[in-house]
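Engineer: What shape does this take:
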Amino acid sequence: TIIINGPMGVFEFEKFAKGTFDLVNILADLSKDKGAITIIGGGDSVAATEQSGRAGDMSHISTGGGASLELLEGKVLPGVAALNDK
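Structural biologist: Sure thing, here's the model as predicted:
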């Protein structure tokens with residue numbers, strides 16, 4: 001399982017985009033070719049993944065970067081708790 005939460009720089013500017021897009025391509029290849037679970041968290045990471053054209057190769061994409069990290073920490077998220085109560 002591989003988690004990314006935040007781009008490798010200001011990917012919106014071409015001279016800084018290479019690291020982020022290279023990482024996205026590596027993760028997409030690992031997910032598609034090797035069966036790795038890839039989790040993309042956070043709005044900027046999602047935007048970079050979608051701009052790269054590789055979003056469809058990832059296992060899971062969430063714009064909730066901070067919330068995703070809190071969930072991994074074991075914190076109770078109010079929205080998830082409300083769903084569990086139903």
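Engineer: and the longest helix for the protein?
Structural biologist: helix 14-34 (DSSP state H).
Engineer: Was I right to think Ile2 contacts Ala28?
Structural biologist: No: Ile2 is not in contact with Ala28 according to Cβ atoms under 8 Å; the separation is 10.6 Å. Every residue, glycine included, has its C-beta placed from N, CA and C.
Engineer: shared neighbours of the two, anything?
Structural biologist: Among the neighbours of Ile2, those also in contact with Ala28 (Cβ atoms under 8 Å, 6 or more residues apart in numbering) are Thr38.
Engineer: ok, these two, which is more surrounded?
Structural biologist: Neighbours per residue, other Cβ atoms under 10 Å: of Ile2 and Ala28, the larger number sits with Ala28, 21 against 15.
Engineer: Tell me how far the more buried one lies from Ala36.
Structural biologist: Ala28 sits 10 Å away from Ala36, taking Cβ to Cβ, to the nearest Å as the criterion.
Engineer: can you pull out the strands in this protein?
Structural biologist: Listed in chain order, the strands of the chain (DSSP state E) span residues 2-5, 38-41, 60-62.
Engineer: And the contacts of the first one?
Structural biologist: Defining contact as Cβ under 8 Å, 6+ apart, one finds that strand 2-5 is touched by 23, 27, 30, 36-42, 45, 65, 68-69, 72.
Engineer: most neighbours per residue, which of the strands of the chain?
Structural biologist: strand 38-41 (a mean of 23; mean count of other Cβ atoms under 10 Å).
Engineer: quick revisit: what are the buried residues along the longest helix of the chain?
Structural biologist: Using 16 or more other Cβ atoms under 10 Å as the test for burial, helix 14-34 gives 17, 20-21, 23-24, 27-28, 30-31.
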